[in-house]
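Visitor: Got a predicted structure here, sequence first:
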Amino acid sequence: MGETAAVKPFHEYAQEYVEKHLIPGAIIGVDSDGERMYELELGYRNVAQKLPVTGDTVFGIASMTKSFTSAGVMKLQELGKLSVHDRIVDYLPELKKPGTQVERITLHHLMTHTAGYPPLATHVYARKNSIEQDPSAKDYGLDLLNNPGPHIETYDEMLAFMATDDFEWLGEPGQFYSYSNDSYGLLGVIIGRVSGQPYEEFIEENILKPAGMKNSFFDMRLLEEKEDVTTLYMKAKDGTHVYEAPLWWDAPSMRSVGYLKSTANDILRYLEMYWNGGVVGGTQILSKESVGQMIHPHVEYEPGRCYGYGLRIVPDYFGSTLISHGGGLKGVSSYMCAIIEKKKAGVILTNVSDVDAGGLLMSTMNVTEGRKLDASPSTHQVLEIDAEELRKFVGSFISNEGMNVKVSLNKGKLTIESNEVSRKLKYIGRNFFIDEDEKEGILQFIENRSGEIERIVYGGRHIMKENV
């Protein structure tokens, strides 16, 4: 896509977007049938030195890593070493509690976030060493500093914590979707035990290297060795500025959750696997059947939006199938997507947390597809609801991952506040709401048997109400 009149306004829109959201550096890339059709570099990988962002600049990708973890499971299934329908306690006997729910959880449940785990503090404790060493952690979006729990450095410590942690299951396996870092932490352990080699090594040998992803890795030491690596930035809590925050966070016991580093060029190569039946650059990485299982809409978590294995699926994206996943971590806001039938893929990588990178990428996809910038494949009919009825939704909801959500009623309108951002909600029926600009997904309130609200589904996670 060249410098046409149609593109120039988008360049300007994107530039204004990164300036408004205080994004120091970002890269957007879109491939069509394996060829680059659009690329936009914005800002810098290091602002002070004015170092440019390139397609080979290494960024964190955070939870985009989960699709690589699922791909690793599929490779082991192809090798006949496990099945996605195996019980997890067959590989993680430390979790066994006869007669309890954990005995009924399968790998499929972990991969689709339907095991029934509530958000636990496991991931907070797994990166606790990094958080304690990083002065910028005070400005991170989640409350990670006021948790007196243990350091979870090893698989054994993680399994012991999850086996004894005092929590209430959300429901039976398969009953509810609730985004679960804990589940993907367990998958990393299973991959290591079944393959007989470290999780990171297995993913590198079976996915990264055969796909030609030369600048993708888990090893923190390579950040020092490679030249084209972004500096990380943190946004001050008052939202007025960003500053250099160079320490990369690590979670050695949960790297399968979100600790792969990669580049725009590498991610676009990787995405070829999904629109090309498991083949990347002529090399068969996974079988067509395995890819089919990964991009199948196994569970619908919002109307029209589903989850496969490590990937979100929109089965009707303007008449095609869209797969995607985002990521957020200290110094990372990332998003990738592919339109399967059109053999098209896109990625955005940035060097600051808590910004809507996915929104900017999907605007890019709209423009490259000839649609309006803000076109959406889904529309919601806003319904009237009496202010008195709205009272039952008011309350505070807190998760062990550090997320605090407050829902209040002001002048007859429901307002949600999280991470010091406040948004007004619109009702779309059956205890479902959207925020006014419809950018942040659907919120759902869940009732107990008495008809009282006991939890909210926010950011895909079930978060329990206080004092219920």
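Guide: It's in. Just so it is clear, the structure is predicted and the values come from calculations on it, not from any experiment.

Visitor: The stretch 51-200 of the chain: strands as residue ranges?
Guide: If DSSP state E, counting those that start in this stretch is used as the criterion, the strands of the stretch 51-200 of the chain fall at 51-52, 59-60.

Visitor: Single out the most deeply packed of these.
Guide: Among those, the stretch with the highest mean neighbour count (mean count of other CB atoms under 10 Å) is strand 59-60, at a mean of 28. C-beta here means a position set from N, CA and C on the backbone, and glycine is covered the same way.

Visitor: Tell me the helices and strands packed up against that strand.
Guide: strand 261-262, strand 332-339 (3 or more CB pairs under 8 Å, 6 or more residues apart in numbering; DSSP states H and E).

Visitor: Pairing partners for that strand, with directions?
Guide: Using DSSP bridges, strand 59-60 pairs in its sheet with strand 261-262 (antiparallel).

Visitor: residues in contact with the helix or strand of the chain with the lowest mean pLDDT?
Guide: The helix or strand of the chain with the poorest confidence is helix 7-20; it has a mean of 87 (mean pLDDT, DSSP states H and E). The contact list for helix 7-20 (CB atoms under 8 Å, 6 or more residues apart in numbering) reads 1, 23, 26, 28, 38, 40, 42-43, 350, 360, 363-364, 367, 373.

Visitor: just the helices in the stretch 251-400 of the chain please.
Guide: 255-258, 264-275, 288-294, 357-368, 387-390 (DSSP state H, counting those that start in this stretch).

Visitor: Tell me the first helix or strand C-terminal of the least confident helix or strand of the chain.
Guide: Helices and strands here follow DSSP states H and E; after helix 7-20, the next one along the chain is strand 25-32.

Visitor: what inclination does that following strand have with respect to helix 7-20?
Guide: Strand 25-32 and helix 7-20 meet at an angle of 150 degrees, taking axes from the mean of the first three to the mean of the last three CA atoms, to 10 degrees as the criterion.

Visitor: so where is this structure shaky, pLDDT-wise?
Guide: 1-8, 145-147, 420, 438-440, 468 (pLDDT under 70).

Visitor: What I need now is the strands of the stretch 51-200 of the chain written out in CSV, including distance to residue 232 for each item.
Guide: Shown next, in CSV, are the strands of the stretch 51-200 of the chain (distance: least, CB to CB, whole Å):
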stretch, distance to residue 232
strand 51-52, 13
strand 59-60, 8
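
Visitor: Quick one: distance of stretch 61-69 to the chain centre.
Guide: With CA atoms, centre = their mean, to the nearest Å as the basis, stretch 61-69 stands 7 Å off its chain's centre.

Visitor: and it, C-alpha only, in PDB?
Guide: Presented in PDB, the C-alpha positions along stretch 61-69 are these (Å, rounded to 0.1, in the frame of the first residue of the first chain):
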ATOM      1  CA  ILE A  61       4.500  -9.700  23.400                       C
ATOM      2  CA  ALA A  62       3.000 -10.700  26.800                       C
ATOM      3  CA  SER A  63      -0.100 -12.900  26.500                       C
ATOM      4  CA  MET A  64       0.200 -13.400  22.700                       C
ATOM      5  CA  THR A  65       2.600 -16.100  24.100                       C
ATOM      6  CA  LYS A  66      -0.400 -18.200  25.000                       C
ATOM      7  CA  SER A  67      -1.000 -19.300  21.400                       C
ATOM      8  CA  PHE A  68       2.600 -20.600  21.300                       C
ATOM      9  CA  THR A  69       1.900 -22.600  24.400                       C
END
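
Visitor: Domain ranges for the chain, per the record?
Guide: Domain ranges of the chain: 1-377, 387-464, per automatic domain parsing.

Visitor: about what we covered before: could I get the buried residue list for the least confident helix or strand of the chain?
Guide: 10, 14, 17, 18 (16 or more other CB atoms under 10 Å).

Visitor: Could you do stretch 95-112 as well?
Guide: Going by 16+ other CB under 10 Å, stretch 95-112 has these buried residues: 95, 102, 105, 106, 107, 108, 109, 110, 111, 112.

Visitor: I'd like the list of the residues you listed that fall within helices, please.
Guide: 107, 108, 109, 110, 111 (DSSP state H).

Visitor: contacting residues for the third one?
Guide: In other words, residue 109. Contacts of residue 109 (CB under 8 Å, 6+ apart): 88, 115, 116, 173, 174, 183.

Visitor: Same question for the first one.
Guide: Listed by CB under 8 Å, 6+ apart, the contact partners of residue 107 are 73, 82, 83, 84, 85, 86, 88, 187, 190.

Visitor: cool, the last one as well?
Guide: Contacts here follow CB under 8 Å, 6+ apart; on that basis residue 111 touches 70, 73, 84, 183, 187, 309, 310.

Visitor: got the contact list for the nearest residue to residue 413 once chain neighbours are set aside?
Guide: What sits nearest to residue 413 in space, not counting adjacent residues and going by CB to CB, 6 or more residues apart in numbering, is residue 424, at 5.3 Å. Shown in contact with residue 424 (CB under 8 Å, 6+ apart): 413, 414, 415, 435, 436.
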